[in-house]
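Student: Pasted the sequence and its predicted model underneath.
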Amino acid sequence: MDTVNSSAVCHSSGRVVSNLLLALAYLMLGLSFSATGLHDQIVPLWLPAGLALAVVLRHGFSLLPGVWLGSLSVNLILPNGWVLPEQTHLLTALVIATGASVQTALAAWLIDRLKIDPLVPAREHWMLRYLLFAGVLTCTINATLGTLAVTYINQSGGSLGLMLDWVSWWLGDSFGTVFGTPLFLSLLPATRADSAPRRWILSIRLLGTLLALVVINQYYLAHLSSLLERSFRQDVQLIDARIQATIQQNLRDLTRLEQQIASRPDLTAQEFRDLVSARMQNNPALRAYSWDPLVPRSEREAFEQRTRELLGDPDYAIYGESPPSEQVLIPVQFVEPLEQNRAALGFNLYSLEDRRCWVLQAQTRGQAVATGILNLTQAPDEPGLLILQPVYRQMGSELLQSRRELLGFIVGVFTVDQFFEAALQESGIRHINLRAAERFGETFYDRVSPVAEPVRLSQIFPLLLAQQEWQVEAVAGPDYLADHPISQALYLQVLLVGIGALASLLIVSMYNRERLLVAQVQQQTRDLAWQARHDDLTELPNRTRMQELLTQWLQNPERPFALLFIDLDRFKLINDSLGHQVGDRLLQVLAQQMRAETPEDCELFRMGGDEFILLVPGEAKRGIAEAQRLLLIAGRSYTVGEHSLQLTASIGISLCPAHGRDANSLIKHADTAMYRAKSRGKDRYELYSEQLTSDAMHSFSVEQDLRQALQEEQLVLHYQPQFRLSDGGLCGLEALVRWQHPQRGLLGPDQFIPLAEETQLIVPLGWQVIDQACRQLAHWLEQGFDVPLVAINISPQQLLQADFIARLNALVDGFGLERRRIELEITESMIQQDPDFVIQQLQRLRLSGYHLALDDFGTGFSSLDRLKYLPLNRLKIDKSFTRDIGRNPKDEAVILTVIALGRSLGVEVLAEGVETEKQHDFLKAHQCNSMQGFLKGKPVPAELVSLSRRSQFA
C-alpha cells in the first residue's frame, strides 16, 4: 500500500512540476515574442499557442493547468510590468487565460478525433483539416474573448479598432498553432526511435523559417515607425502652413476692405454687404465682418436715426457707454451675415476696457490688431477673437499738409473652433488634434482626446496672429495611427502568417511524403477517371459518360424519358470571324449557364463541338418544356471579352420508348429532328416523327441523284428572253437551269438548288451551267443568229473561289466568245458575305469585259454606300415588286426609286416577272430600260428560242 501511495504522490508531483515548467516556458516564450505586434497583448506571431497545443497533444489534458497559468502570467506582466496589477488587468488576464485553455483543449480534441496529427497523420487529406480545425476555427475562441476583454475591460492603448485587433489576435494564435505546433512536436521526444534523425532535420527547417519571419517582421515594424514619425512632422508643417495661409488671407481681405471703405465712408448696408459677401463665401474660418465707425457723442442721435433708415430697423440703437473721458463711440453699424450676428448691432467697442485697449493699439500702430481670446457678443458661449483693421481717410490735397483721419474699424469676427476647424479641413489632414494657448496664458482651445497611455506623437509650434502669439500643440490621435503606414503592418503580418503557415505545411508535407504518396496516386487515379468522363473545355459529362448513363436509364423499361439533341446555330461563324479562343470561352459560359439552370433530375452532356445532349425524365410535355427553356438560355446575350454575343439553338427531341429503346436510335432520331429544326429557320425545337426519317431519306436520295446527274450531265438550260421597253427589241437571254431527272421528269431549280448549296455541289453545278451556256451561245453565233448577251446566275460559293476569274476567262475564251456577250448575275446576299472581296472580284470581272447585273434587287439589305462602288451594268428589279403594280403603291414607289437610282448611277434597270400589259405600260411610262416575264416570253429550251439572223453588215 505504501508503494502505491508513494507512486501516486510521485506521479502527482511530476504532473505539478510539468505544469509549472510548461507555465514558465509559456511565459518566457510569450515575453520574447511580445515585441512582434503593435499592442501589448495582441501579438500576430504568438508561438505560445503552438507550444500549449503540442504539449497537450503529446502528454494529455492533464497539462491544461500549465497552459492556463502560463497565459495568466504573461497577460499580467505585459501591460503592467513586474508591479502589482490593477483589478481590470487581473480580470482581463483571467478571461484570456481561460480562453487559451478552452481553445487548446478543443484543438487537441479535434486533432485526435479527426486523426490529423501533423507529424503522424492518419488521413489522406489531413492538411486542410489541420489548418481549418487546429488553426482557423478554434483560434476564434480566444481571439473573441481576449479582444473583448482588452477592449472593454482593460481599455489599453495601441488598439487598431475592435475588428483589426480581433484579426491580429486570431492571426497570432493561428500562426502559433499551424506553425508552432509542428515545430514543438518535432522538438519533443519522438514516438519512434528510427524517426529521430528526420525530426531533427524537420526542426532545423522550421526554426530557420521562423527566424526569417521574425527578422522580416521586426525590420518592417522599425521601418514603418520611422515613416510614421516623418509623416507626422510633415503633416504638422502642412497644418501650420494652412493656418498661416488662413491668417494671411484674412489680413489681406481686411486691408482691401479698409481701402474700399476709406474711398466711400458713407456706404449703405447693401454696399457693405456687396463688399464682404464674396470674401465670406471663400473664407470658412470667418464668422462675420462688421463696420464700426467713429461717432462723436454729439452726433449719436443723428447716427442712430441714419442707421435705422439704412438698415430698415427701427429698433437700432447704440448700447454700451464709452468712459466719460472719451468723446467718441465706436458702435457696430453694419454686420454680415446679419441674421446670425444681429445681437452685435449697435455694440460700442469703447464700452469695454479690453476692447478699448485693442482699439487704441490698432489706432497707434495703424494696422490690423488681433484681440485676445474673448466671448463674442453674438456667441457668448464660444471663445473667439476680433481682428481690428483701422480705416483712415487722407485729408488735404498737398503732401506736406495732408493728414490721416480715423473713420472707424473694419472688424473680422472669428470663433476659435471655426478658425482651427477650417484650417484643418482645408489642409486635408485627419486625426491630428490641436491644443492652443495664449503666450503666458491659459489654454483656450483643446481638442486632444485623453488616452490611456502617453501620447506617442506631438509637436508644438508658435502661431503669430496680428500682434498676438499663440502656442499650438498638434497631437496625433488614435485614429491617426490607424490611418498611417504603421497600421499597415497588419497586412504584412497577414502575409507573414500566411507564408509561415504555408511553409510549415510544406515542410511537414515533405516530412510525410512517403505517407502521402499513396494518397496522391489514388487522387490521380480519381482525376483520370473524372477526365475520361468529362469534357475538358466545359467540364460537362462527355459522350462516354452519356453512353454509360443512357444505358442505365434504358435498363428500366418503365421509365420514360426524352433525349434532347442541342446544336448551336451558325457557331462556326463565331470561330471563323472572332477566333477559336472566343468560341471556346462562349461555349464555357453557355455550358455553365445551362448547367446552373438544369433541373437536378436532368443530365446535361457535351457531345463535342457545339453539340449538347440533355436527358429529361418524364413524358413528351416535360421534354418540350426543357427545350423551350434551353432556347431561352441560348438566346441570351453573353459577354466574352470585349464582345457581346447572342446565339440561337436548334433542338431535336426523341422519346423513349416511343422512338426507340436503344441509345443509337434515340440519338439518331433526335439528330434528325434537330436538322429539321434547322431547315425550318433555326431557333426552334422539333419532336421526332417517322416523317422526318422519310424526309431525311428523300433528301439523301436527291443528293445522291444530283451527284450522278452532274456526272451524267442531266442538267439542261432553258432561256428566257429579255426585251427593251423602248422598242420591244431583244436585249438578252437569261439561262435558267433545269434537271431532267430520269424518273421524276423535269425539275425546277427550287427542287435541287438549295440542296446543292447545302452540300457544296453548287460549285460543280455552276461550272456546268456556264459551260452549257457558252457552248450554246457559240452555236447560235456560228449559225448567224443575233444574240446580244446571255445572262448566267453565279452562286456565292463560286464567286468567292480564288481562281474563279482565271477559270472563267479560260472557258469563255476557249469557245471564242466576246466577253461582253456574257452577263454574270449576282444577288444582294452574295455581297453581304464578304463585301470587300466581292467588290474586288466584280471590278476584276468588269475589267475583264463581262457584263454584270445585280439580281433580285430590293429583296435584301444592300448598303447604298457599297452599291456605289459596284461596277454594275444592270439592276434587276425582283418580281415580288413587279407583280403588285397597280395594287400596291408602296411597291410602285420602290420600283420608281430603283429606276431613279439606276439612272443616277448610269446603270440599266430591268424588271423581272412582267406578266400583264398594265405592268408593261407602267414600266415603260416611267422609263424602265428593259423587262422579262411571261408576257413576252417564257423560259424555253434552246431549240425553241426565237432569234433573228444577224445582218451581214453587222
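Tutor: Perfect, thanks for sending it. Numbering: from 1, shown residues only.
Student: What segments of the stretch 451-600 of the chain are helices?
Tutor: 478-483, 489-511, 513-532, 543-554, 571-578, 580-597 (DSSP state H, counting those that start in this stretch).
Student: swap in the stretch 701-850 of the chain?
Tutor: Counting by DSSP H, counting those that start in this stretch, the helices of the stretch 701-850 of the chain are 753-758, 762-782, 796-799, 804-814, 828-833, 835-848.
Student: any idea which helix or strand comes after the last one?
Tutor: The one in question is helix 835-848. As assigned by DSSP states H and E, the chain's next helix or strand after helix 835-848 is strand 851-857.
Student: before we move on, back to that, which of the helices of the stretch 451-600 of the chain sits closest to Val120?
Tutor: helix 513-532 (8.4 Å; C-beta to C-beta). Every residue, glycine included, has its C-beta placed from N, CA and C.
Student: quick one: contacts for Arg543?
Tutor: Listed by C-beta atoms under 8 Å, 6 or more residues apart in numbering, the contact set of Arg543 reads Phe605, Met607, Gly608.
Student: How about Ser325?
Tutor: If a contact means C-beta under 8 Å, 6+ apart, then Ser325 has no contacts.
Student: Kindly list the main-chain dihedrals of it?
Tutor: phi -70, psi -20 (degrees, to the nearest 10).
Student: From Asn348, how far off is it?
Tutor: 15 Å (C-beta to C-beta, to the nearest Å).
Student: Isn't Thr138 up against Leu106?
Tutor: Yes: at 5.1 Å, Thr138 and Leu106 qualify as touching, with contact defined as C-beta atoms under 8 Å.
Student: Looking at those two, which has the bigger crowd around it?
Tutor: Legend: neighbour count by other C-beta atoms under 10 Å for Thr138 and Leu106, higher for Thr138 (26 against 15).
Student: From Val67, how far out is that one?
Tutor: Thr138 is 13 Å from Val67, by C-beta to C-beta.
Student: same question, Thr759
Tutor: Counting by C-beta to C-beta, the separation of Thr759 from Val67 is 83 Å.
Student: do the same with Arg844
Tutor: From Arg844 across to Val67, the span is 92 Å (C-beta to C-beta).
Student: Among these two, which residue is more densely surrounded?
Tutor: Taking other C-beta under 10 Å, Arg844 and Val67 do not tie; Val67 has more neighbours (28 against 15).
Student: That one contacts Ala52, doesn't it?
Tutor: Yes: judged on C-beta under 8 Å, Val67 makes contact with Ala52 at a distance of 4.3 Å.
Student: Nearest to Val716 among the helices of the stretch 701-850 of the chain would be which one?
Tutor: Going by C-beta to C-beta, the one of the helices of the stretch 701-850 of the chain nearest Val716 is helix 762-782, 7.7 Å.
Student: Against which helices or strands is the closest one packed?
Tutor: Helix 762-782 makes packing contacts with helix 690-712, strand 715-724, strand 730-741, helix 753-758, strand 790-793, helix 796-799, helix 804-814, strand 822-827 when contacts are defined by 3 or more C-beta pairs under 8 Å, 6 or more residues apart in numbering; DSSP states H and E.
Student: Kindly recompute the last result at 6 Å.
Tutor: Judged by 3 or more C-beta pairs under 6 Å, 6 or more residues apart in numbering; DSSP states H and E, helix 762-782 is in contact with strand 790-793, helix 796-799.
Student: and among the ones you listed, the most buried is which?
Tutor: Greatest average neighbour count among these goes to strand 790-793 (a mean of 23), per mean count of other C-beta atoms under 10 Å.
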